[in-house]
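Peer 1: sequence first, then the predicted structure:
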Amino acid sequence: MHLALLILSAFAVELTDGFSVVEQRQRSFSSTRLHPMVTSLNMVSMQEPGTTNERKGGAVPVEKLNIPADAKYPTQRGTTTDSRKIIATFGRQHLTAVRLRHILFATEELSQATLHQLRSGDVLFENLARQLSACAETRDKGGEIGWVSVKNAGSSLNTTMMEGEDYLDPIIPSTARETVVQITTKPGDIISVQSDRGFHLVQVVDVMADVRKMATLKPRSRKVVKEGTGEPGGKSPRKLTGVLSGALDSNREGVDLTYKLETMGCQMNMADSERMEGQLQALGIRPFESKEGDKKNKKGPDVVVLNTCSIRDHAEQKVYSYIGPHAKRKRDGEDVAIIVAGCVAQQEGEKLLRRAPEVDLVMGPQYANRIGDLLEDVSNGNQVVATEASHIMEDSTKPRRQSTVAAWVNVIYGCNERCTFCIVPTTRGVEQSRPVESILAEVTELVSQGFKEVTLLGQNIDAYGRDMIPKRKFSDLISSVGAISGLKRLRFVTSHPRYMSLGVVDSVAETPAACESFHIPFQSGSNDVLAAMGRGHTREKYLHIVDRIRTRIPDASITADVIVGFPGETEEQFQDTLSLMEEVRFDSVNTAAYSPRPNTPAAIFDNQVADDVKHDRLLRINEVNKKHATERRARLMGRTVEILVEERNVRNPTQVMGRSRHGYIVYCEGDIDELRGELVNVEIDTCQAYYLAGNRVD
């Protein structure tokens, strides 16, 4: 208590001096940075205790969001999606703490100037806190307040502060802290509040949630099989039973458990698998090696994880087919934990347990970095289903990267679009952007570990930042990440024509590390089909983006996705797609015949295209795709291109495989142990549809 009084007394002197040196710094910053068109983020005043505090603009306290209690997660099709409402309502139900930073100002004008600068994305919150904050207690720590406990007072919409943290009052009074969490618990948000100390810009850095309370538990009576007999021998105790008990027990000495993780689908799933592996290895569970399952003991992995994809047809059947042999192991008495993760897990939920009762854990993609927490309930004898909405939390352990050269970095999760053919928004939830600072910190660490290339990931990456306060722009993020010292290459996927700004093209053109490569699905060349798909863009909008790329970066590669045989597609509309391909001449296109997906509007359209017609169109479009891919690579014949060496050519051990800045696979002679991770120049002498080859040159 005495220390708090001393701090307050010292700060009173600083206030008497009109914030002295710090205020001079702040005013200098304001005069050089303040834009004449600054949009004010109105302050929340807390000078009158007991009054109701509301923001006059921007975000509103969550209790005023007026969301029906029975609203469906992630979202209902045919309705306007507000991801902030979904997460603010359901995601905060089991929050236990938020991590905060702040910058303290003498005046509202100074705080607004700083807010505008933070919105532009070219300066970090913690750096400005060190330069400008009038809070002596946190200034040298980048404004770090730390973890602040929260509790839910009767409902998910009434989040308040826990008692016992009055030691923070001299830094940011409790009324100010409580107002912050009433307005937002979204990581990356920056809001303004006022207290008797001055004007605070407060940033939500991260959140902590009790994911075990979000899950549904189904107690399992676990039968014990007598060793070597296959006969039941009674029931095991519930506490830390089974194969996971060793990994989760505080005393892990002598425990040797293995896992096998199989990944289906896109880059997002691959990144999620890396995060799950990081969690498993943190528990002391090591990767299973096939040689361990010898013919004598036929021992398989102790933990089996299937990270699933729901995009393609028959996705559910593939899941049940894969887990079948491991389910049989369990029925035969082996102690094996079976986990189904990813999009099919989110889609099926408890239905998966009913069809495959041997499964122990069903978890959606939003829990990829919290698998360790959920396994504790599995070890206690429960079947667990975790598919509820959740704030995205920063990783508690480091992902186990599959490469030492190139890494995936998530920047936005989920998708708010409602394309009528796509199941992804239903399985991956609403959009949640990561804080800029978290992204930059992860990439900086990767570079320090020797990674040369980073790919930024998002289902709809151009939507990055639109769910944040203040809103951010993906083009600014490209510039910020690309400026990290030591990063040689920067890529990103996947762009959506509806949201891709011309500023993204400009950022790529102006950022040396950014590769001249764009992946922009167009799905159809017919405006009528695009409208039926609910894509929100036209053929003309797409071609306008392509024109911008060709003008600003003439040698850039452009790849895409397309669907043929969408319900109602006529031959004339299919020809529109072929004509768009002829006009753009893509470097490659991922082609697919339409297949109905569960819970999507297009699946029940009454104008489905016959399978033989879809097959015929797929063959024809693949011919065009291969022709263009060959032509695009042929332009590099005789040219010298820079490649980043990644692996050995599996078909020719004397060669290495790397990728050009365009994203083309390139082979050349070399020793992988010597060249892995190196940038080398290759003179191209062989051009095929989907790869290049040549000789190294100095």
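Peer 2: Nice, thanks for sending it over. Residues are numbered from 1 along each chain as shown.
Peer 1: what mean pLDDT does stretch 495-515 have?
Peer 2: The average pLDDT for stretch 495-515 rounds to 95.
Peer 1: list the buried ones in it?
Peer 2: Of all the residues in stretch 495-515, those buried under the rule 16 or more other CB atoms under 10 Å are 495-500, 503-508, 511, 513-515. Backbone N, C-alpha and C define where each C-beta goes, glycine included.
Peer 1: can you check stretch 117-133 too?
Peer 2: So, applying 16+ other CB under 10 Å, buried residues of stretch 117-133: 117-119, 121, 123-126, 128-129, 131-133.
Peer 1: contact partners for Tyr259?
Peer 2: Glu277, Leu280, Ile285, Arg286, Pro287, Phe288, Pro301, Asp302, Val303, Val304, Val305 (CB atoms under 8 Å, 6 or more residues apart in numbering).
Peer 1: the fourth one reaches Leu261, doesn't it?
Peer 2: No: between Arg286 and Leu261 no contact is recorded; they are 11.8 Å apart, counting by CB atoms under 8 Å.
Peer 1: need the max-distance pair from the buried residues of stretch 117-133.
Peer 2: The span of the buried residues of stretch 117-133, defined through CB to CB, is set by Gly121 and Ser133 at 19.7 Å.
Peer 1: okay, Arg286 and Leu261: which has more neighbours?
Peer 2: Remark: of Arg286 and Leu261, Leu261 carries more neighbours, 20 against 14, as counted by other CB atoms under 10 Å.
Peer 1: residues touching that one, list them.
Peer 2: Contacts for Leu261 (CB under 8 Å, 6+ apart) come out as Ser273, Met276, Glu277, Leu280, Val305, Leu306, Asn307.
Peer 1: what about 7 Å?
Peer 2: When contacts are counted by CB atoms under 7 Å, 6 or more residues apart in numbering, Leu261 is found next to Ser273, Met276, Glu277, Val305, Asn307.
Peer 1: and for Gly143?
Peer 2: Gly143 sits next to Arg101, His102, Ile103, Phe125, Glu126, Ala129, Ser133 when contact means CB under 7 Å, 6+ apart.
Peer 1: quick one on the thing from earlier: and which of the contacts of Leu261 is nearest Arg212?
Peer 2: Nearest to Arg212, judged by CB to CB, of the contacts of Leu261 is Met276 at 16.7 Å.
Peer 1: ok, that closest one touching Pro287?
Peer 2: No: if you go by CB atoms under 7 Å, Met276 and Pro287 don't touch, sitting 12.0 Å apart.
Peer 1: between the two, which has more neighbouring residues?
Peer 2: A direct count of neighbours by other CB under 10 Å for Met276 and Pro287 places Met276 higher, at 27 against 13.
Peer 1: from Val340, how far out is that one?
Peer 2: 12 Å (CB to CB, to the nearest Å).
Peer 1: same check on Pro219?
Peer 2: 19 Å.
Peer 1: in terms of packing, which of these two has more residues around it?
Peer 2: It is Val340, of Pro219 and Val340, that has more neighbours when counted by other CB under 10 Å, with 25 against 10.
Peer 1: just the helices in the stretch 301-450 of the chain please.
Peer 2: Along the stretch 301-450 of the chain, the segments classed as helices by DSSP state H, counting those that start in this stretch run 315-331, 343-348, 350-355, 371-379, 424-428, 436-448.
Peer 1: mind putting the ones you listed into CSV with distance to Ile665, mean pLDDT and mean neighbour count?
Peer 2: As requested, the helices of the stretch 301-450 of the chain are arranged in CSV below (distance: least, CB to CB, whole Å; pLDDT from 0 to 100; neighbours: other CB atoms under 10 Å):
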stretch, distance to Ile665, mean pLDDT, mean neighbour count
helix 315-331, 27, 87, 16
helix 343-348, 27, 88, 26
helix 350-355, 37, 90, 14
helix 371-379, 33, 90, 22
helix 424-428, 27, 81, 24
helix 436-448, 22, 95, 18
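Peer 1: the ones you listed: which one's closest to Pro170?
Peer 2: helix 436-448 (25.0 Å).
Peer 1: output the contacting helices and strands for that closest one.
Peer 2: strand 406-410, helix 474-482 (3 or more CB pairs under 7 Å, 6 or more residues apart in numbering; DSSP states H and E).
Peer 1: need the contact list for Asn649.
Peer 2: So Asn649 contacts Gln655, Val656, Met657, Tyr667 (CB under 7 Å, 6+ apart).
Peer 1: where do the strands of the stretch 251-400 of the chain begin and end?
Peer 2: Per DSSP state E, counting those that start in this stretch, the stretch 251-400 of the chain carries strands over the ranges 257-263, 285-287, 303-308, 337-342, 361-363, 382-386.
Peer 1: so which of these gets nearest Ile461?
Peer 2: Taking the strands of the stretch 251-400 of the chain one by one with CB to CB, strand 337-342 is closest: 19.5 Å.
Peer 1: can you name the next helix or strand after the host helix or strand of Glu178?
Peer 2: Using DSSP states H and E, Glu178 sits within helix 174-183. As assigned by DSSP H and E, the chain's next helix or strand after helix 174-183 is strand 190-195.
Peer 1: circling back to that earlier point, and the contacts of Leu261, which two are the farthest apart?
Peer 2: Glu277 and Asn307 (10.0 Å).
Peer 1: max-length helix in the chain?
Peer 2: Looking across the chain with DSSP state H, the single longest helix is helix 611-634.
Peer 1: and that one, which residues are buried?
Peer 2: Of the residues in helix 611-634, Lys614, Asp616, Arg617, Leu618, Ile621, Val624, Asn625, His628, Ala629, Arg632, Arg633 count as buried by neighbour count, 16+ other CB under 10 Å.
Peer 1: show me where the stretch 101-250 of the chain has strands.
Peer 2: Chain-ordered strands for the stretch 101-250 of the chain, with DSSP E, counting those that start in this stretch as the definition, fall at 144-152, 159-161, 190-195, 198-209, 216-219, 223-225, 232-235.
Peer 1: mind checking which of those strands is nearest Arg329?
Peer 2: Comparing the strands of the stretch 101-250 of the chain against Arg329 with CB to CB, the closest turns out to be strand 223-225 (11.4 Å).
Peer 1: lowest-confidence helix or strand of the protein?
Peer 2: helix 2-16 (a mean of 34; mean pLDDT, DSSP states H and E).
Peer 1: quick one, phi psi at Leu490?
Peer 2: Main-chain torsions, Leu490, degrees, to the nearest 10: phi -130, psi 130.
Peer 1: surely it is in contact with Glu516?
Peer 2: No: between Leu490 and Glu516 no contact is recorded; they are 11.0 Å apart, counting by CB under 7 Å.
Peer 1: which of these two has more neighbours?
Peer 2: Remark: of Leu490 and Glu516, Leu490 carries more neighbours, 22 against 18, as counted by other CB under 10 Å.
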